[in-house]
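[1] return a 3D structure for these sequence lines:
(one chain, ligands or ions: 1)
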Amino acid sequence: MFYLGLKQLSLVSPPVFAGVCRCFVGVSRCRSDPRGPQWTGYAAVMSSLLLLLLPLFILTPTTALEFRYHRNGEIEKYLRDISTSNPDIAHVYSIGRSVRGQQLWVLVLSLSPRHHSIGIPEFKYVANMHGNEVLGRVLLLQLIDDLVRGHRNKEAWSVQLLNSTRIHILPTMNPDGFDDAGTHCQFSQGRFNHNGVDLNRNFPDAFAGKRQQGQFVEETQEAEVRAVIGWLRSETFVLSANLHGGALVASYPYDNSNGGSEQVGGASVTPDNDVFVHLAKVYSYNHGSMHRGDSCKDGLSFNDGITNGYQWYALKGGMQDYNYVWAQCLEVTLEVSCCKFPPKDQLPALWTENREALLAFIRQVHLGVKGRVFDSFGVPVQNAVVEVKGRSNICLFRTDKHGEYYRLLLPGNYTFTVTYPGHQVLTETLDVPHGPDRYSALKHDFLLRRAADNSTHYTPTEFSPTPTCNYTLNVEGRCGAVATPTWTGVSAALGLWAALRFLSD
Ligand SMILES: [Zn+2]
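    Next comes the predicted model:
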C-alpha cells in the first residue's frame, strides 16, 4: 500500500480522470496517427478499455490518507474535499471558533448527512481536546477515510453503519493548543487552550453545588466549550467518545461526585453503570491491547482496560459528565496512546490497534430502545419524560423536538414510565434484544391517553429548541431520588444555574 498527501487525496484521482477524458475526446485524431494502422487499432482498443473502466475510477478510491500529523488547515481542506467529493454521504460544518478564531470543523457521515432522520441515532467522536494529545486526530481522519472508501466500495460494514447511523466527527476541539504543542510523550505544552484553560475542567458541573456551599456560580466557559454546549443543543446525541492520550484505558462517568449515594466502593456510579461498563469494554476488548490493562508499563493497571473516571481520579467540569447529565448522551473518554505525541512511524500500527474498536463502539449506538411518544391527538411530543425503572437520571431523559427518545440498554426486561402533562402516566414493560448486530435498537412508540380530569385544558407543548434538564423538577427536589440528602445542594444549584441560563438566553 502506498500513501499520498492530502492534495492527491480525492476519491476521484484528477490526473487519472483527466487522462481518460483526453483519450476519449482524442479518438478521432488517433485514426490518422503517423505511427500506422496497427498503433491506431491498439489505441482504439485501449480507449475502449479505459471507457469500460471509467466507472471504476470514479467509484473506487485510488489512494489512502497519509499517516502523519496534518496541520489544522490541512484537516479543514481534507474535510471539505471529502464533503465535496461525496455529497450523498458527507457534510462539513463548524460548531464555532476557538479562542484564536479557528473554526471547529465537524464532518458528518450518513445517508442523510445534512439533516436528522427519524429513527436514525446521532453519534459523535471528538478528539484533541487537549492540544498535545494528538493520536485521536489521526485516528478520526483515518476513520473518515476508511468509512468513505468502504461505502464507495459497497462494503457491508460501512454501508450498514452509514445507513443506520449519523456519525459526527470533530477531529480537533482545541486547534490552538495543537498549534502550540510540543512532541514530548508526557510533558509538553499545548494541553490547554489559548487562554491557558483545561477544556476538560471547564464544563458546568452538576456535582459542584456542595463544594461551593450552595453558592453556585456559573463559571465562564471557554469558546471551545461553549461551542460544544451549543452543539449538544442542536443535535440529540445518543452516544459519544472523547479521544485523549497519555494512558491506555476507557474511562466512563462519573468523573466527579459530591459524596452522595452515587459513591460506591470508591467509584462514582451512574444509574446506567452497566451500560457504561459494557461500552468501555467494547472499546478495550476490540482494541489491540487496551483490554490487558497494563500496556503503558507505568505501574498503573486497569482491570479489562477500563475504569470509572472518579475511581481513577476525580475531576470537576469534565465533558463526559456534562454529556451524560445535561444532554442525555452517554460519553466515554478513550485514552488511546501511552505517548501523547507518538512518533509518526508508529501511526499505521496504532491505527490498526484502534480501527475495529472505533467501529465497534459506534455500533453500540443501536443498543436498547428507540421510538417516539405521541399525545392523544397522535402528535409526537417534545419533553415527554421517558424513565426506565431503577434508572433515575439526575436530569430526566426526555423526548426531543421530533418526539423521539433513545435509551441505551443491555438486553433484558425493562419497565418504562412515560409522563406528559395532561395525559395519563403510561407504564409498559419491554423485552429488549441486542440491537448492534441488527444495526437498530428495538423500535417502540408510546401512545398516550388524555387524562380524564384535564382533558379540556390540554394543549400541545410549544416548541423549545433543546431537551435538557427539567429545572422545575430539580428545584422541587425530584431529582434527589438518586441521592442522599447531600443532593439537595446540587438540586438548588441546578435550579439556580437554570435560572441564570434562562435570564441570559
Ligand atoms: Zn487528555
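[2] in this structure residue 355 contacts residue 147, no?
    No - contact criterion CB atoms under 8 Å: residue 355 and residue 147 do not qualify, at 10.7 Å. (Glycine included, C-beta is placed from N, CA and C.)
[3] those two: who's more crowded?
    It is residue 147, of residue 355 and residue 147, that has more neighbours when counted by other CB atoms under 10 Å, with 26 against 17.
[4] the more buried one: which element?
    Using DSSP states H and E, residue 147 sits in helix 135-152.
[5] okay, the angle between the next helix or strand after that helix and helix 135-152?
    Tracing the chain past helix 135-152, the next element assigned as helix or strand by DSSP H and E is helix 156-164. Put simply, helix 156-164 runs at 90 degrees to helix 135-152, going by axes from the mean of the first three to the mean of the last three CA atoms, to 10 degrees.
[6] which positions within stretch 75-84 qualify as buried?
    Neighbour counts using 16 or more other CB atoms under 10 Å place 75-76, 78-79, 81-83 of stretch 75-84 among the buried residues.
[7] please disregard the earlier target; I meant stretch 309-318.
    By neighbour count with 16+ other CB under 10 Å, stretch 309-318 contains the buried residues 309-312, 315-318.
[8] in TSV, list those along with distance to the ion.
    Shown next, in TSV, are these (distance: CB to the ion, whole Å):
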residue	distance to the ion
309	12
310	16
311	17
312	12
315	10
316	15
317	13
318	10
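[9] show me what from the stretch 51-200 of the chain comes close to the ion.
    Residues of the stretch 51-200 of the chain lying close to the ion (CB under 5 Å from the ion) are 130, 133.
[10] and the helices in the stretch 51-200 of the chain?
    72-85, 135-152, 156-164, 175-180 (DSSP state H, counting those that start in this stretch).
[11] can you give me the mean pLDDT across stretch 370-384?
    Averaged across stretch 370-384, pLDDT comes to 97.
[12] now do the end-to-end distance for it.
    Taking CA to CA, to the nearest Å, stretch 370-384 runs 14 Å from one end to the other.
[13] for residue 502, give me the pLDDT.
    33.
[14] ok so, going back, export the buried residues of stretch 309-318 to TSV and tack on distance to residue 252, secondary structure and pLDDT?
    Supplementary listing: the buried residues of stretch 309-318 in TSV, determined by distance: CB to CB, whole Å; DSSP: H, G, I helix; E, B strand; the rest coil; pLDDT from 0 to 100:
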residue	distance to residue 252	secondary structure	pLDDT
309	6	helix	98
310	10	helix	97
311	10	helix	96
312	10	helix	96
315	13	coil	95
316	17	coil	94
317	17	coil	95
318	11	coil	97
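[15] quick one, strands of the stretch 401-505 of the chain?
    All strands of the stretch 401-505 of the chain, identified by DSSP state E, counting those that start in this stretch, fall at 404-407, 412-419, 426-432, 442-443, 446-447.
[16] report the strands that pair with the first one, each with its relative direction.
    When pairs are called by DSSP bridges, strand 404-407 turns out to pair with strand 369-374 (antiparallel).
[17] report the central residue of the protein.
    Taking CA atoms, centre = their mean, the centroid of the chain lies closest to residue 124, which sits 1.3 Å from it.
[18] and it, how far is that from residue 112?
    Distance of residue 124 to residue 112, given as CB to CB, to the nearest Å: 16 Å.
[19] out of the helices of the stretch 51-200 of the chain, which gets nearest to residue 295?
    Residue 295 sits nearest to helix 135-152 of all those, at 13.7 Å, using CB to CB.
[20] from the middle of its chain, how far away would that closest one be?
    From the chain centre to the centre of helix 135-152 is a distance of 14 Å (CA atoms, centre = their mean, to the nearest Å).
[21] got it, and stretch 403-414?
    In terms of CA atoms, centre = their mean, the centre of stretch 403-414 is found 18 Å from the chain centre.
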